[in-house]
Structure formats: structure tokens, C-alpha cells
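1. with the sequence up front, the predicted model follows.
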Amino acid sequence: MDAGNATGLFLFFAPMYGLPFVSQNNMLVTIVNGIGAAFESIYVIIFLIFAPKKEKHKTLALLIFVLVVFSVVTLVSIFALREKQRNFFCGYASTFFSILMYASPLSVTRMVIKTKSVEYMPFFLSLFAFLCGTSWFVYGLLEKDLFVAVPNGFGCVLGALQLILYGIYYDRERPAEKTPTCESIESELENGKQHQQNPSTTDSPHDEHTQVSG
């Protein structure tokens with residue numbers, strides 16, 4: 001499980017910011033990110049079932065950390081803060097963890113530059129990260145909500161960076177095709193003629209046995 005999928009668990013924070021008692025008229029944020037968090041949870045459960053023990057322990061530790069932080073943020077925002085303070089507190093928490101989620105593929109980006117290969121950076125993951133970041137960035141600007149616009153603007157830039165790297169290093173993965181030369185064609189024709197003039201006359205053991213028997 002790569003860092004990007006693991007830190008996708010931080011999607012739990014985005015639906016909380018959109019709840020009515022935190023911010024007004026942001027139910028779209030809660031619905032969309034709530035669905036995303038549900039899918040991410042299913043993915044993590046499947047991974048924990050089938051993963052090797054070492055990776056399973058690492059992901060389980062991250063899951064526990066996310067749930068503990070999420071619980072603390074939720075309890076503090078509900079019982080210790082008033083409406084405006086709650087909005088700022090949850091907004092900053094959502095922004096911080098959303099940026100972490102978008103920044104998590106940077107380790108893969110470093111590997112792409114180092115190996116000059118996009119083998120470990122799926123194209124569609126990069127594409128939809130860019131589209132998602134761009135869409136929510138525009139939405140945040142239209143709604144004048146910096147807690148939505150800032151982290152998704154960051155995601156838009158990082159998604160674009162991944163697509164640029166994919167375009168740069170994709171062609172380098174494909175092996176160069178050898179263009180046949182006149183010498184190689186003539187050599188192949190000559191070998192073919194020699195094969196036709198000197199066919200193999202080696203008898204198989206079965207044929208020798210048949211001739212002796214006869």
C-alpha cells in the first residue's frame with residue numbers, strides 16, 4: 001500500500017468541515033468527501049485482510065493515528081469551541097490534512113525522477129488527482145472559501161506536476177525498436193538460401209530403428 005492510498009484516510013476530516021454545525025451551506029463537501037472516505041475505508045479493510053504482516057502493521061498504525069486525531073478534533077470542536085471558532089478550527093485541520101493527502105505521492109514523484117520510469121506512478125491516479133484538485137479549487141474560489149480553495153489548489157499544482165513527469169518519462173520506458181539495415185537484410189537472405197541448399201539430413205532415432213528393423 002503506497003503512501004497516497006494510506007493517507008487518503010485523512011479524507012475523514014473533509015466531511016466534518018462541511019457539516020452544518022461547523023460551516024454553513026457546505027453539505028456538498030460533506031457528501032462528496034464522505035463517499036470518498038467510505039471507498040477509502042473499504043480499500044483499507046481489503047488491504048488489511050490480504051497484506052503481508054509488515055505492511056499490515058504499518059497501515060494499521062497509520063489508521064489508528066488518523067482515527068485518534070479525528071476523534072480529538074471532533075470532541076474539541078463540539079464541546080470546547082463556539083460556532084465561529086469551530087469553523088476555523090475544523091477548517092485549518094481539514095486544510096492541513098488535505099495538503100498532507102495531496103503531498104503524499106511526492107515520494108513516488110522522487111522515485112520517478114530518480115529511476116526515470118513511471119512504473120510506480122499510475123496515470124489515472126495522477127489525472128484524477130489533478131481534475132479533483134482543480135474542480136474543488138474553482139469551487140472554493142467561487143464560494144470564497146479558502147479552506148476549500150487552498151488545499152485543492154495545492155493538489156491541482158501537484159497533480160499537474162505528476163502529469164508533466166509522466167509525459168517526460170513515459171516514452172523512455174518503451175524500448176527503442178531496431179531499424180533493419182541493408183546489411184542485416186542481406187545477411188538474413190543469405191542465411192535463408194544456405195538453409196535451403198543444405199537441408200538437414202539427420203535421421204531421428206525412430207527412423208534409424210525403422211531402417212534397422214527393415
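-> Looks like it came in fine.
2. mind checking the SS state of Val22?
-> State at Val22, reduced to three classes by DSSP: H, G, I helix; E, B strand; the rest coil: coil.
3. who touches it in this structure?
-> 16, 77, 86-87, 90-91 (C-beta atoms under 8 Å, 6 or more residues apart in numbering). C-beta coordinates here come from the backbone N, C-alpha and C atoms, glycine included.
4. what count of nearby residues applies to Ala160?
-> Neighbour count of Ala160, defined by other C-beta atoms under 10 Å: 15.
5. do I have it right that it meets Phe130?
-> Yes: judged on C-beta atoms under 8 Å, Ala160 makes contact with Phe130 at a distance of 5.6 Å.
6. picking that back up, most neighbours of all the contacts of Val22, which one?
-> Busiest of the contacts of Val22 [other C-beta under 10 Å] is Cys90, holding 26 neighbours.
7. quick one: it and Phe21 touch, right?
-> No: the pair Cys90 / Phe21 is not scored as a contact, 9.7 Å apart, by C-beta under 8 Å.
8. got any residues that touch both of these two?
-> Joint contacts of Cys90 and Phe21 (C-beta under 8 Å, 6+ apart) do not exist.
9. which ones are touching Leu158?
-> With C-beta under 8 Å, 6+ apart, Leu158 has these contacts: 102-103, 105-106, 129, 133.
10. and which of those residues is nearest Val32?
-> Gly133 (13.2 Å; C-beta to C-beta).
11. so how far is Val150 from that closest one?
-> Taking C-beta to C-beta, to the nearest Å as the measure, Gly133 and Val150 are separated by 11 Å.
12. now do Tyr166
-> Separation of Tyr166 from Val150 (C-beta to C-beta): 25 Å.
13. for Cys132, same thing?
-> 15 Å.
14. any idea how far the most centrally placed residue in the chain is from Val29?
-> For the chain, the residue sitting closest to the mean C-alpha position, by C-alpha atoms, centre = their mean, is Leu125 at 4.5 Å. Distance, Leu125 to Val29, using C-beta to C-beta: 22 Å.
15. equivalent analysis for Val112, please.
-> Where Val29 is concerned, Val112 sits at a distance of 31 Å (C-beta to C-beta).
16. out of these two, which sits in the more crowded spot?
-> Val29 (25 against 19).
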